[in-house]
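Engineer: Please work out how this folds:
(one chain, ligands or ions: 1)
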Amino acid sequence: MKVLSVVGARPQFVKCAPVSRELRKVHEEVLVHTGQHYDYGLSEVFFRDLGIPAPDYHLEIGSGSHGVQTGRMLAAIEDVLVKEEPGIVLVYGDTNSTLAGALAAAKMHVPVAHVEAGLRSFDRRMPEEVNRVLTDHCSDILFCPTATAVANLAAEGITAGVHLTGDVMVDALRENLPLAKERAADPGLSPKAYFLATVHRAGNTDDPAALRAIMEAFSRLDSPVIFPVHPRTRKKLAEYGIAPAANVRLVEPLPYFEMLALLSGARAVLTDSGGVQKEAYILEVPCVTLRENTEWVETVEDGWNVLVGADADRIVAEADAAGDARRGHSARFGDGHAAVRIAAIIREYES
Ligand code: UD1
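Structural biologist: Below you'll find the predicted structure:
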């Protein structure tokens with residue numbers, strides 16, 4: 001079977017690394033990079049560190065409004081589909097690259113397989129939520145990371161082609177954590193003596209009051225805050241004239257290994273990322289989520305994550321208290337073998 005995989009943004013590179021390796025044992029894979037993320041630190045370094053094969057197509061779409069970016073991807077992916085005639089198109093997660101890949105394939109009657117299907121925040125103001133819902137509704141095979149995701153799909157009437165595989169990010173993390181601890185540079189800070197922070201969601205970065213409240217909260221924390229800054233956030237901090245306080249260390253976006261190593265040693269992580277919430281749970285690091293909702297409800301149910309939005313007082317209170325509560329832990333996101341299952345299910349689909 002010829003599987004055409006579409007990736008484009010940082011978290012998709014992490015997700016596709018284990019899947020691509022398993023796929024290539026039994027299938028032919030054509031890898032398409034849309035170019036949604038194009039900075040070295042958001043893209044190429046992940047291919048290098050995770051040993052992802054070089055893309056067969058680099059569409060170089062780059063940044064733009066949602067319509068422009070998604071529309072350009074749609075047209076460019078369609079051209080590749082015409083040329084390659086794949087048996088299946090595989091898409092990951094919830095970015096504009098995900099939706100463009102799924103939509104281009106569905107319109108050409110090529111079966112769509114979605115890795116990380118069924119996630120819902122129930123907040124349609126998030127661009128990612130729109131991408132998730134639309135992608136799931138035009139997918140033929142839906143790989144769910146959690147039982148919650150399976151139930152979410154059932155509630156929308158999607159039951160055919162649904163598979164509970166576990167989360168491929170667990171595969172990536174399990175495989176790479178020992179390497180990460182070995183290779184990552186020493187941050188020069190004792191374990192549990194610093195916070196780690198990431199902020200990049202439109203809801204936080206495009207609202208000056210929200211970004212200001214988050215930065216104010218960081219300034220009130222009683223440990224250093226290491227803050228790898230996404231390019232859009234850096235731009236917005238400059239635009240709003242927000243300067244970091246003395247305890248907040250702005251650094252460039254981190255490669256995967258460095259991020260895992262820093263995360264595993266953090267007192268707590270403050271983030272609006274989806275992937276980081278899960279990684280924190282798996283590494284047993286308390287997480288303070290700078291959003292009012294999450295798709296990864298299990299992290300909250302098990303006591304490792306709290307939702308605080310962009311409210312400075314809540315952020316400070318929860319970050320201070322992180323580490324106090326007793327917490328449960330179980331393999332809510334799978335056993336680290338999701339990629340093997342995904343490759344096998346695609347094989348069954350073929351026959
Ligand atoms: C995208 C995804 C988001 C995911 C995130 C991971 C969508 C709608 N959002 O958000 O779900 O969590 O990736 O990081 O697809 N930029 C650069 N260099 C780059 C890429 C982006 O400078 O390599 C800047 C540009 O100014 C761009 C802005 O960041 O306009 C936003 O980038 P974009 O790809 O639109 O979305 P992300 O915020 O990265």
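Engineer: Please, where are all the strands along the stretch 51-200 of the chain?
Structural biologist: For the stretch 51-200 of the chain, the strands defined by DSSP state E, counting those that start in this stretch cover 57-58, 88-92, 112-115, 141-144, 162-164, 195-198.
Engineer: Would you mind finding the most buried of the ones you listed?
Structural biologist: For those, the largest average neighbour count (mean count of other CB atoms under 10 Å) is found in strand 88-92, namely a mean of 28. The C-beta positions use only the backbone N, C-alpha and C, and glycine is treated the same way.
Engineer: C-alpha coordinates for that one, PDB please?
Structural biologist: The C-alpha trace of strand 88-92 is given here as PDB (Å, rounded to 0.1, in the frame of the first residue of the first chain):
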ATOM      1  CA  ILE A  88      -4.500   6.100   1.900                       C
ATOM      2  CA  VAL A  89      -3.700   9.600   3.200                       C
ATOM      3  CA  LEU A  90      -2.500   9.800   6.800                       C
ATOM      4  CA  VAL A  91      -2.900  13.000   8.700                       C
ATOM      5  CA  TYR A  92      -2.000  13.900  12.300                       C
END
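Engineer: ok, it: who's next to it in the sheet?
Structural biologist: As defined by DSSP bridges, the strand partners of strand 88-92 come to strand 2-7 (parallel), strand 112-115 (parallel).
Engineer: so where does the nearest residue to residue 122 once chain neighbours are set aside fall, helix or strand?
Structural biologist: Among residues not flanking residue 122 along the chain, residue 293 sits closest, at 6.6 Å (CB to CB, 6 or more residues apart in numbering). Using DSSP states H and E, residue 293 is not contained in any helix or strand.
Engineer: and the gap between residue 293 and residue 10?
Structural biologist: 22 Å (CB to CB, to the nearest Å).
Engineer: Look at those two and report which has more neighbours.
Structural biologist: Using other CB atoms under 10 Å, the more surrounded residue of residue 293 and residue 10 is residue 10, with 23 against 15.
Engineer: report the angle between the axes of the helix or strand bottoming out on mean pLDDT in the chain and strand 88-92?
Structural biologist: Of all helical and strand segments in the chain, the minimum by mean pLDDT, DSSP states H and E falls on helix 168-183, at a mean of 92. Here the directions of helix 168-183 and strand 88-92 differ by 60 degrees (axes from the mean of the first three to the mean of the last three CA atoms, to 10 degrees).
Engineer: Does anything pack onto helix 168-183? Which helices or strands?
Structural biologist: Helices and strands touching helix 168-183, by 3 or more CB pairs under 8 Å, 6 or more residues apart in numbering; DSSP states H and E, are helix 10-26, helix 256-264, helix 274-282, helix 338-350.
Engineer: Could you check the ones you listed and tell me which one is nearest residue 124?
Structural biologist: helix 274-282 (16.2 Å; CB to CB).
Engineer: after the closest one, next one along is what?
Structural biologist: Following helix 274-282 in sequence order, the next helix or strand is strand 287-289 (DSSP H and E).
Engineer: Now do the buried residues in that next one.
Structural biologist: 287, 288, 289 (16 or more other CB atoms under 10 Å).
Engineer: Wait, the first one touches residue 275, no?
Structural biologist: No - the pair residue 287 and residue 275 does not pass the contact test of CB atoms under 8 Å, sitting 11.3 Å apart.
Engineer: Give me the contact list for the longest helix anywhere in the chain.
Structural biologist: Assignment by DSSP state H gives helix 66-84 as the longest helix of the chain. With contact meaning CB atoms under 8 Å, 6 or more residues apart in numbering, helix 66-84 is reached by 2, 4, 6, 8, 30, 32, 34, 36, 57, 59, 61-64, 89, 96-97, 99-101, 103-105, 107-108, 110, 127.
Engineer: rerun at 7 Å
Structural biologist: Residues from elsewhere that reach helix 66-84 (CB atoms under 7 Å, 6 or more residues apart in numbering): 2, 4, 6, 30, 32, 34, 36, 57, 59, 61, 63-64, 96-97, 99-101, 103-105, 108, 110, 127.
Engineer: Quick one: residues contacting the residue lying closest to residue 114 once chain neighbours are set aside.
Structural biologist: Distances taken as CB to CB, 6+ apart put residue 139 closest to residue 114, at 4.2 Å, once the chain neighbours are dropped. By CB under 7 Å, 6+ apart, the contact set of residue 139 is 102, 112, 113, 114, 117.
Engineer: Looking at the residues you listed, which one is closest to the ligand?
Structural biologist: Checking these against the ligand by CB to the nearest ligand atom gives residue 102 as the nearest, at 12.8 Å.
Engineer: Would you check that the closest one makes contact with residue 136?
Structural biologist: No - when contacts are counted by CB atoms under 7 Å, residue 102 is not listed as touching residue 136 (8.7 Å).
Engineer: what residues do the two have in common as contacts?
Structural biologist: residue 114.
Engineer: re the thing from before, which of the contacts of helix 66-84 fall in helices?
Structural biologist: Within those, residues falling in helices by DSSP H are 96, 97, 99, 100, 101, 103, 104, 105, 127.
Engineer: surely the first one meets residue 37?
Structural biologist: What it means is residue 96. No - using CB under 7 Å, residue 96 makes no contact with residue 37, being 10.8 Å away.
Engineer: Run through who's touching stretch 17-34.
Structural biologist: By CB under 7 Å, 6+ apart, stretch 17-34 touches 1-8, 50-53, 55-59, 61, 73, 77, 80, 84, 86, 97, 100, 115, 168, 171-172, 175, 339-340, 342-343, 346-347.
Engineer: Is there contact, residue-wise, from it to the ligand?
Structural biologist: No - Stretch 17-34 is not in contact with the ligand by CB under 6 Å from any ligand atom; minimum separation 9.5 Å.
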